[in-house]
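*Asks:* using only what follows, build the 3D model:
(one chain, ligands or ions: 1)
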Amino acid sequence: MDVYGLIGNPVGHSLSPPMHEAAYEELGMNARYVTFEPEPEAIESVITGAQALGIQGLNVTIPFKQDVLEQVTCDPTAERIGAVNTIDFSTDPPTGYNTDITGVIRTFKHHDITLEDRTAVIIGAGGAARAVAFALADAGAEFHIVNRTESKAESLAAELEGATAGGLSELPSVLPDADILINATSVGMEEDQSPVSAELLHADLTVFDAVYRPLQTKLLRDAQAVGAETIDGAWMLLYQGVAAFEIWTDKEAPVSTMNQELRNRLE
Ligand code: ATR
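*Replies:* Numbers count the residues shown, from 1 in each chain. Reported below is the predicted structural model:
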């Protein structure tokens, strides 16, 4: 039996096990996907132990995405962003990838949205925003990063081609000319709130919300009300998993099965 899994803390509400196991079932694979919550100080032995046990692949989430860097050889994308969310144990040392970035790119591709030469606004400057910003930079978009803490937006933009930065107060001046708006903050997750005033949204925008609990955030509802195209956060979750599955198995992932499984478990 092949074993895959997720290390993070906490991982109790992760949707990766059902999403990956739906793929194994669909393809008739004898495989399992399990979650682990190691203590932070044990991370080094977790990776060597996983390799010794013959675990095929691990996803990595908060707080370990940087901690595992020393024990893997990073592919160029993971190296540049300085964070690993997928480890492939078929090499020695294991290889670290960042499929959060691939997940963003494939999300836009799935919706036939070109990023090259488009103008985007990213709200947020934490871990999720970082993956979005690296994806947009790789795809050749021009983008403005705005964040509640402006200095964090500035340091992220300074790492990337095509990026500028500012505070949330700039939204009224940058949104009218934007093609794409991405919420990469946690606003909308706990309460029915949006990081953007509804009157700033317009029909020429594509609005992507990285929040997936709930699926229909206030931002997405406001965007739909003005006729903007919307993309919910389950797409990014889906495609980071699809990319990890394909790295580990060399098989084409059953995307629609994985998507259905995720959506059955989200509201
Ligand atoms: P993640 O890994 O999910 O991106 P994170 O690294 O903690 O989580 O980042 C959370 C992001 O949401 C940050 O950009 C944060 O803004 P600050 O850098 O100013 O903290 C943003 N955020 C969280 N709560 C917010 C709020 N109420 N209003 C605006 N931005 C908020």
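*Asks:* spell out which parts of this protein neighbour the ligand.
*Replies:* 124-129, 147-149, 152, 184-187, 195 (C-beta under 6 Å from any ligand atom). Bear in mind the C-beta positions are built from the backbone N, C-alpha and C, glycine included.
*Asks:* please pick the buried ones from those residues.
*Replies:* Among the residues of the chain next to the ligand, those classed as buried by 16 or more other C-beta atoms under 10 Å are 124, 125, 127, 128, 129, 147, 152, 184, 185, 187, 195.
*Asks:* can you name the two of those that sit furthest apart?
*Replies:* Within those, 127 and 195 form the most distant pair, 16.3 Å apart (C-beta to C-beta).
*Asks:* dump the longest helix belonging to the chain to CSV, restricted to CA.
*Replies:* Identified as the longest helix of the chain according to DSSP state H is helix 234-249. Below are the C-alpha coordinates for helix 234-249, written out as CSV (Å, rounded to 0.1, in the frame of the first residue of the first chain):
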residue,chain,number,x,y,z
ALA,A,234,-11.9,25.7,-3.4
TRP,A,235,-10.3,25.9,-6.8
MET,A,236,-6.8,26.8,-5.3
LEU,A,237,-7.2,24.1,-2.7
LEU,A,238,-8.2,21.6,-5.5
TYR,A,239,-5.3,22.5,-7.8
GLN,A,240,-2.6,22.5,-5.2
GLY,A,241,-3.7,18.9,-4.4
VAL,A,242,-4.0,17.9,-8.1
ALA,A,243,-0.4,19.1,-8.7
ALA,A,244,0.9,17.2,-5.6
PHE,A,245,-1.0,14.1,-6.7
GLU,A,246,0.6,14.3,-10.2
ILE,A,247,4.1,14.8,-8.8
TRP,A,248,3.8,11.8,-6.5
THR,A,249,2.1,9.4,-8.8
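*Asks:* can you give me the strands in this structure?
*Replies:* 2-7, 31-36, 57-60, 73-74, 86-88, 95-97, 119-123, 142-147, 163-167, 180-183, 206-209, 229-231 (DSSP state E).
*Asks:* pick the most buried one from the ones you listed.
*Replies:* Mean neighbours per residue, mean count of other C-beta atoms under 10 Å, is largest over those for strand 57-60, with a mean of 27.
*Asks:* what pairs with it, parallel or antiparallel?
*Replies:* strand 2-7 (parallel), strand 86-88 (antiparallel) (DSSP bridges).
*Asks:* redo the ones you listed as CSV? Include mean pLDDT.
*Replies:* Supplementary listing: the strands paired with strand 57-60 in CSV, determined by pLDDT from 0 to 100:
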stretch, mean pLDDT
strand 2-7, 98
strand 86-88, 98
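*Asks:* want to try TSV for those strands, with distance to residue 134 as columns?
*Replies:* Shown next, in TSV, are those (distance: least, C-beta to C-beta, whole Å):
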stretch	distance to residue 134
strand 2-7	22
strand 86-88	15
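*Asks:* how far away is the residue of the stretch 1-150 of the chain found nearest the ligand from residue 235?
*Replies:* With C-beta to the nearest ligand atom, the shortest gap between the stretch 1-150 of the chain and the ligand falls at residue 126, namely 2.0 Å. Using C-beta to C-beta, to the nearest Å, we find residue 126 at a distance of 19 Å from residue 235.
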